[in-house]
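> Starting from these lines, generate the structure:
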Amino acid sequence: MIRLRRRRDAASLGAFTGAKLQQRLLRLEGYFYDDGRRVDFKPKSRQIWSAAKATLRRETAGKCAYCEADTAVVAHGDVEHFRPKDPYWWLAYCVDNYTFSCQVCNQVHKGNRFPVTGARLKPPRMPATRPADAAKAAALAERFCPDPASTTDAALKRFFAGEHAHLPDPYLDDPERLFSWNAIEATQEVWLIARGRSARAKAAVKAAEEVLGLNRSELLRLRYQRYEFLYTAALAFQEMDHDSPSAPKVLAQLRRQADDNQPFAAMSRHFLRSWGLLET
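Here you go, the predicted model:
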């Protein structure tokens, strides 16, 4: 998992900003009252988040935001609600709650699980009945979700901080400060482990394992295949004549494996840095 950057321009946000977002939030407000103070998202007409999929895919370079595998290889990508629709129904149309996830991480593993240490975020206070006044109904809907075009990562991080969520949000946190990697040659596996001994890192790894399945057997093997390529290439580079014309090209190729758009970039960066081939 690596840090991602949210695109906040109007073209990227589409209908998830401005007047169109407000219309969607008003409909969500209506669903809440129509469904008996809860929201049933099963009707397809209510599953509008798929409109954000193309932008989310670009932001992750087609990789799962969690396991960093190419979604064209492991499983098709989903628009994933970082904070699940149940119980966080009011964030269902908030693009700042979306990630691009492979179906294995999202559907097979995560589902509605979202462990926190602090007090869970409470929904907006909803009147017993929906406001009949249009202005009051609009003001209520506006409380569901900040407009992503006008908010900031820092403001969102402060807003959610009290929950002390165990999973790092790749758009608001830097997962590489929490995660490290351990290659085991005997079993040909690379395991996700905590970086350091902090309680935060340990909780993040525990959630990554139990909620996302980031140490599932398929990923252990896929990561080792990547690691083995890196290790072999790094060894070849270290043993070659560094004054040869090809040496800079080989090093550049190695370092490209750490680019954001590469599968398992966080793992690649860890090992390349440990071998002195990538700046910290």
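> how about the strands in this structure?
77-81, 98-102, 179-184, 189-194 (DSSP state E).
> The last one packs against which elements?
Contact here means 3 or more C-beta pairs under 8 Å, 6 or more residues apart in numbering; DSSP states H and E; on that basis strand 189-194 packs against strand 179-184, helix 199-210, helix 217-239. Any C-beta I mention is one placed from the backbone N, CA and C, and that applies to glycine too.
> Parallel or antiparallel, list what pairs with it.
Sheet pairing here is set by DSSP bridges, and for strand 189-194 it gives strand 179-184 (antiparallel).
> winner for burial among the helices and strands packed on strand 189-194?
Burial of the helices and strands packed on strand 189-194 is given as mean neighbour count (mean count of other C-beta atoms under 10 Å); helix 199-210 ranks first at a mean of 18.
> domain ranges for this protein?
Domain assignment for the chain by automatic domain parsing gives 10-146, 178-274.
> what sits against Leu220?
Thr187, Glu189, Val190, Trp191 (C-beta atoms under 8 Å, 6 or more residues apart in numbering).
> Neighbour count for these - can I get that in CSV?
Shown next, in CSV, are the contacts of Leu220 (neighbours: other C-beta atoms under 10 Å):
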residue, neighbour count
Thr187, 11
Glu189, 18
Val190, 25
Trp191, 18
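> out of those residues, which one sits closest to Ala141?
Nearest to Ala141 among those: Trp191, at 44.8 Å, using C-beta to C-beta.
> Comparing the strands of the chain, which yields the minimum mean pLDDT?
When the strands of the chain are compared on mean pLDDT, strand 77-81 scores lowest, with a mean of 93.
> Name the residues that touch that strand?
49-50, 52-53, 56-57, 62, 64-65, 71, 88, 91-92, 97-103, 105-107, 110.
> Using ChimeraX, make a named selection holding only the buried ones among the residues you listed.
This is the ChimeraX syntax for the buried subset of these, where burial follows 16 or more other C-beta atoms under 10 Å:
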select :49,52,56,62,64,65,71,88,91,92,97,98,99,100,101,102,103,105,106,110
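> Let me have the strands of the chain in JSON lines, extended by distance to Val39.
Converted to JSON lines, the strands of the chain look like this (distance: least, C-beta to C-beta, whole Å):
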{"stretch": "strand 77-81", "distance to Val39": "12"}
{"stretch": "strand 98-102", "distance to Val39": "17"}
{"stretch": "strand 179-184", "distance to Val39": "34"}
{"stretch": "strand 189-194", "distance to Val39": "34"}
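> Among those, which comes closest to Ser244?
Closest among those, once you apply C-beta to C-beta, is strand 179-184, at 28.4 Å.
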